[in-house]
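Chemist: predicted model, plus sequence, below.
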Amino acid sequence: MPPTALADENSLITETTHDTSKNGLKQRPTETPIEAMSHGPVSLPGLPVFPDLKEKRKWVLEHLAGAFRIFARHGYTEGLSGHISVRDPINARAFWINPLGVHFAMLKVSDMLLLDMYTSEVLIAGKSGKPANATGFMIHSAIHRARPDVHAICHAHSPNARAWTAFGKPLEMINQDVCNVYRVQALYNSYGGIALNGEEGERIAESLGEKNKVAFLLNHGLLTVGGTVDEASYLFRLVERSCEVQLLVEAAVSKGGLEKRIIDDREASYNFATASEAESLYCEFQPEYELETMLSGGDFKR
């Protein structure tokens, strides 16, 4: 049954219409969403806290490099296209980004470049010896400047998202998972070619708005943002898969005889409030990150 009271994105989930008295379960009023999803005496560990900013930088870069490996494993590469950035915890004017022309599957922490988002100066050059992607700088710098809440940005030309952007439409709430982007999808439907000038980057940032987490770039690709690279990367993976599901549903409907059932706004809003907050989305990414660490022996952390 749907909830009796809806919580906003940052509030605690404390009330539902489910009667738990019969099974002896009782939700604590101070539970966070991730605690509510953890059954038993322990909860999944949430976002780590770093009193030392150098340690936080190391952690951020390891998760950035890990995200690239995961993108490679899922086939989100296309020639020189694609970039992920993350704000530097030490220098508030700068962000880390991948070098141009290095396959995602080969990227390591030591390859990343640190760029000043205002001057475009390369503050730390990666060991690959290759430059940053000019298009990547234009898009990422514009968004980082416009959205102080955004700490990470993912953009790639993944196949299903590219296909869906041809329609210039947001995803529909056709299943529980896609509710993680309920009412936080933006459409940039003024395709302006390869973003080699600042104006295109500024327009993309403007289309993203103040609160959206996802942007579909018409005839181009997908962009996601988050408070951590883990959140932004998980959302990218989720939306790419959701585009695939939507395309499958559209194909089935076009053949006739089937009707789509859309989750209503009340339930979609509840799902979003329950599952799509920063700590929950960080936790959603960790199984992939741990798998990548195991498969690679953690070599991307060097």
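Modeler: Structure's in. What do you need? Residues are numbered from 1 along each chain as shown.
Chemist: mind listing what residue 53 touches?
Modeler: Shown in contact with residue 53 (CB atoms under 8 Å, 6 or more residues apart in numbering): 89-90. In short, each C-beta sits where N, CA and C put it, glycine included.
Chemist: which elements pack onto the helix ranked longest in the chain?
Modeler: Counting by DSSP state H, the longest helix found in the chain is helix 229-254. If you count contacts as 3 or more CB pairs under 8 Å, 6 or more residues apart in numbering; DSSP states H and E, helix 229-254 packs onto helix 53-73, strand 83-87, strand 152-156, helix 159-165, strand 221-226, helix 278-296.
Chemist: want to throw the ones you listed into a markdown table with mean pLDDT and distance to residue 39?
Modeler: Below are the helices and strands packed on helix 229-254 laid out as a markdown table (pLDDT from 0 to 100; distance: least, CB to CB, whole Å):
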| stretch | mean pLDDT | distance to residue 39 |
| --- | --- | --- |
| helix 53-73 | 98 | 27 |
| strand 83-87 | 98 | 32 |
| strand 152-156 | 98 | 30 |
| helix 159-165 | 98 | 33 |
| strand 221-226 | 98 | 26 |
| helix 278-296 | 96 | 14 |
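Chemist: can you pull out the low-pLDDT segments for the stretch 1-150 of the chain?
Modeler: Applying pLDDT under 70 to the stretch 1-150 of the chain flags the ranges 1-30.
Chemist: ranges for the helices of it?
Modeler: Remark: helices assigned in the stretch 1-150 of the chain by DSSP state H, counting those that start in this stretch are 33-37, 53-73, 134-146.
Chemist: right, so the ones you listed: which one is the most enclosed?
Modeler: Of all the helices of the stretch 1-150 of the chain, helix 134-146 carries the top mean neighbour count, a mean of 22, counting by mean count of other CB atoms under 10 Å.
Chemist: got the contact list for it?
Modeler: For helix 134-146, contacts defined as CB under 8 Å, 6+ apart pick out 83, 85, 87, 95, 97-98, 100, 115, 117-118, 120, 150, 153, 155, 194-198, 200-202, 204-206, 208, 223, 225.
Chemist: equivalent analysis for stretch 234-249, please.
Modeler: By CB under 8 Å, 6+ apart, stretch 234-249 touches 70-71, 74, 76, 154, 156, 158, 160-161, 163-164, 171-172, 174-175, 177-178, 180-181, 213-214, 222, 224-226, 260, 281-282, 284-285, 288.
Chemist: pull out the buried members of the contacts of helix 134-146.
Modeler: By neighbour count, with 16 or more other CB atoms under 10 Å, the contacts of helix 134-146 hold 83, 85, 87, 95, 97-98, 100, 115, 117, 150, 153, 155, 195, 200-202, 204-205, 208, 223, 225 as buried.
Chemist: tally of neighbours for residue 167?
Modeler: By other CB atoms under 10 Å, the residues close to residue 167 number 14.
Chemist: dump the residue contacts of it.
Modeler: Per CB under 8 Å, 6+ apart, neighbours of residue 167: none.
Chemist: let's see 10 Å
Modeler: By CB atoms under 10 Å, 6 or more residues apart in numbering, the contact list for residue 167 reads 187, 189, 216, 218, 246-247, 250.
Chemist: which one (most neighbours) among those residues?
Modeler: Within the contacts of residue 167, most neighbours by other CB under 10 Å means residue 216, with 26 neighbours.
Chemist: just the element for that one, please.
Modeler: strand 214-217 (DSSP states H and E).
Chemist: looking at the helices and strands packed on helix 229-254, which is closest to residue 33?
Modeler: Set against residue 33 and scored by CB to CB, the helices and strands packed on helix 229-254 come closest in helix 278-296, at 4.9 Å.
Chemist: packing partners of that closest one?
Modeler: The elements that helix 278-296 packs onto, with contact taken as 3 or more CB pairs under 10 Å, 6 or more residues apart in numbering; DSSP states H and E, are helix 33-37, helix 53-73, strand 221-226, helix 229-254, helix 265-275.
Chemist: buried sites along it?
Modeler: Going by neighbour count (16+ other CB under 10 Å), the buried part of helix 278-296 is 278-285, 288-289, 292-293, 296.
Chemist: now swap in stretch 263-271 and tell me
Modeler: Result for stretch 263-271 [16+ other CB under 10 Å]: buried residues 263, 267-271.
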